[in-house]
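could you work out the structure for the sequence below:
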Amino acid sequence: MKAVFKSVAFMSMMGAVAYAGPITTVPWDGHPGAVSFTFDDSEISQLNNLGEYFEKNQDIKVTFFMTGGMNAGNQSKYFPMAEKGHEIGNHSKTHADLTSSNNLKGEITDYKYDLEQRSGAEVVAFATPYCYYNDAVEAEIAKAHIVNRNCQGATKYKWDEEPVWERISSDCYQGNTQQSKGNMSEAKQKNAWTVQLNHGVDGAGFGYGITPSDMISIMDEAKAQGLWRAPMGRVAAYYRAHFVIDKATSTNIDGGFKVTWTSPHPAMPKSVPLRVKIEGADGKTVKQKGTEIQAESDGSYVIEFMDLELEVVGAAPVSSSSEAPTSSSVEESSSSTTAIAQHFEWASQEQTTFAVFSATGALVKSFTATSQSAEASFKVMQIPHGTYYLKDLKSSYIKKVVK
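Residues are numbered from 1 along each chain as shown. Purely as a prediction, here's the structure:
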């Protein structure tokens, strides 16, 4: 028995169908939560006492917030850390109380560009001195930074709750190591992001210092909990991107679909790798700017958010018998298709591979099931509602199904 479809019906729907959200970002780059360790004021004890640890633990990257008001002579020693994956952040030109400043542009925006020119790194994160802020300060920060850190406590920022980006709070270390570890544990429980603030790493430093052993203990605990240990700007960019791309809609193109989106902020980093799941990509080719993106071992894809587009194209390689209907069936009537659905029977009761085609004839995905469980498996798939065709690749029988 051969499957038959009205080609005209398929052609009339091509390019007219759009559905929401085929791309879903994997939270926190595949981790159960995230933590960002930040270090202020270029206190050289940070590098002296943690440099070797960072070299041996390449899976921990942190943010160093630079200010011209404190230890500016140490800054050049920090700049090479950016080449190793750590982050250079902006902590203002003079470390003044910005709520009383009459030169916010010079303190915030101009100093960002000064840091970028001298360090060669992108500077996308700011930290308010003394954690003082008001509307004017936040407005100036938002012009050229994607995130700002203050220190009103260890807030846990949940994955699907968008925060105020100019007001990300942190836990300022004041001698309670167990509190720092507990904040991370809570972030993991809530699938959330938390930020920690540190100063000198020598046990001194006007009451905010931490000993090297305690700092290493906290970072080791972050590893033990499986949290994503990434710089503040890196996490913020990933987090912000998720709120954009997860809402992006797709449009059908020949043999697949295309998704486009826009950047949430002009100061986003030039590159924002994003780990995503793509519905409808099974058996197809995922491409960005003409370059094919291979699936990871868990079926996710690491895409470049800043490419601002993605295509899923091509036919499935699962079987030569999985082709969608072609023009060779034009002469068959739609009543024949109905007859196939009404008198449908699978050729085998054993496990076999099924292909799901959209009403346009595009392959959506394939899966393995028995004939008795095939429709049930189809019903629970996370695909848009509509009419589909379910094909047994072993027998070539096809059945019309509705989601």
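
can we go C-alpha only for contacts and neighbour counts from here?
OK.

poorly predicted segments of the protein, please.
The chain contains residues with pLDDT under 70 at 1-20, 205-207, 315-349, 359-362, 395-396.

contacts only, for the residue nearest the centre of it.
Nearest to the mean C-alpha position of the chain, counting by Cα atoms, centre = their mean, stands Leu274 at 4.0 Å. Going by Cα atoms under 8 Å, 6 or more residues apart in numbering, Leu274 touches Thr25, Val26, Asp29, Tyr238, Tyr301, Val302, Ile303, Glu304, Phe305.

hmm, 10 Å instead?
24-29, 237-239, 241-242, 245, 300-306 (Cα atoms under 10 Å, 6 or more residues apart in numbering).

again, but for Val26
Val26 touches Trp159, Tyr238, His242, Leu274, Arg275, Val276, Lys277, Ser300, Tyr301, Val302, counting by Cα under 10 Å, 6+ apart.

likewise Asp160?
Pro27, Asn191, Ala192, Tyr239, His242, Phe243.

returning to what we had before: which among the contacts of Leu274 end up buried?
The neighbour-count test (16 or more other Cα atoms under 10 Å) marks 24-29, 237-239, 241-242, 245, 300-306 as buried among the contacts of Leu274.

what is the three-state secondary structure of Ala96?
coil (DSSP: H, G, I helix; E, B strand; the rest coil).

wait, Lys394 touches Phe354, no?
Yes: at 8.3 Å, Lys394 counts as touching Phe354 under the criterion of Cα atoms under 10 Å.

neighbour count for those two, which is higher?
The neighbour comparison of Lys394 against Phe354 (other Cα atoms under 10 Å) goes to Phe354, with 26 against 16.

nearest spatial neighbour of the more buried one, skipping sequence neighbours?
Distances taken as Cα to Cα, 6 or more residues apart in numbering place Asp392 nearest to Phe354, at 4.7 Å, with adjacent residues excluded.

any idea how many residues pack against the one you found?
26.

return the residues in contact with Ala136.
Leu98, Thr99, Ser101, Leu104, Ala142 are the contacts of Ala136 under Cα under 10 Å, 6+ apart.

need the max-distance pair from those residues.
Ser101 and Ala142 (16.7 Å; Cα to Cα).

looking at those two, which one has more neighbours?
Set side by side, Ser101 and Ala142 show more neighbours around Ala142, with 22 against 13, by other Cα under 10 Å.

am I right that the more buried one sits in a strand?
No: counting by three-state DSSP, one finds Ala142 to be helix, located in no strand.

which residue, other than its chain neighbours, is closest to it?
Ala142 sits nearest to Glu166 (Cα to Cα, 6+ apart), 6.7 Å away.

same check, this time on Ala96
Pro129 (6.5 Å).

what is the neighbour count of the one you found?
Pro129: 23 surrounding residues under other Cα under 10 Å.

phi first, then psi, for the residue nearest to Phe354.
phi -80, psi 110 (degrees, to the nearest 10).

compute the distance between it and Lys289, please.
Per Cα to Cα, to the nearest Å, Asp392 is found 34 Å from Lys289.

what does Tyr113 give?
Between Tyr113 and Lys289 the computed distance is 30 Å (Cα to Cα).

out of the two, which sits in the more crowded spot?
Under the neighbour definition other Cα under 10 Å, Tyr113 and Lys289 were set side by side, and Tyr113 has more, 16 against 11.

pretty sure the more buried one sits against Val123.
Yes: in this structure, Tyr113 is within contact of Val123 by Cα under 10 Å, at 7.9 Å.

overlap in contacts, these two.
Asn90, Ala144.

what sits opposite Ser36 in the beta ladder?
Judged by DSSP bridges, the bridge partners of Ser36 are Val195.

does it touch Gly233 like I think?
Yes: counting by Cα under 10 Å, Ser36 touches Gly233, with 9.0 Å between them.
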